[in-house]
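K.L.:
Make a model of this:
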Amino acid sequence: MNLFDDKDTRTVAMEKLSDLLLGCDLGVEATKVVIGEVKDMLEVDPTLTAVDLKRSVRGSLISILTPSDTTEGMLFSKGSGPTVWFVMGANGMGKTTTIGKLSNLLRQQGKVAGEDYKVR
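P.N.:
The predicted model follows:
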């Protein structure tokens, strides 16, 4: 799929990019950030090439997905009790895989991790 095809209008390209990011489970807020950054770049320089836009998207995704000092604050509550995460989604969406990855991360950090429970 060529998101930044010269035949597409900028609006169509942004819609394609948004659909792709949401389809990859990036999330609504993160998708809005990426789209916003690309639109900002285009406002500054409307003559940007597809290569420039791809670099921008790549940079935005790396920035969003790179852990930072505030990452733990997003994952854990500030209360004294345990943190409970509820992971929900359709079959085949990667919930168990994500839970496994989070559990591994928590074990590496010396924190306790739980297990998943599947309702059938």
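K.L.:
And the pLDDT for the residue nearest to Met88 when sequence neighbours are not counted?
P.N.:
Among residues not flanking Met88 along the chain, Lys95 sits closest, at 7.4 Å (Cβ to Cβ, 6 or more residues apart in numbering). Just so you know, the C-beta spots here come from the backbone N, C-alpha and C atoms, and that holds for glycine as well. At Lys95, the pLDDT value in this model is 83.
K.L.:
What separation is there between Met14 and Thr47?
P.N.:
17 Å (Cβ to Cβ, to the nearest Å).
K.L.:
Looking at the two, which one has more neighbours?
P.N.:
Between Met14 and Thr47, counted using other Cβ atoms under 10 Å, the more crowded position is Met14 (19 against 6).
K.L.:
quick one: that one and Glu37 touch, right?
P.N.:
No - with contacts counted by Cβ atoms under 8 Å, Met14 stays clear of Glu37, the gap being 11.4 Å.
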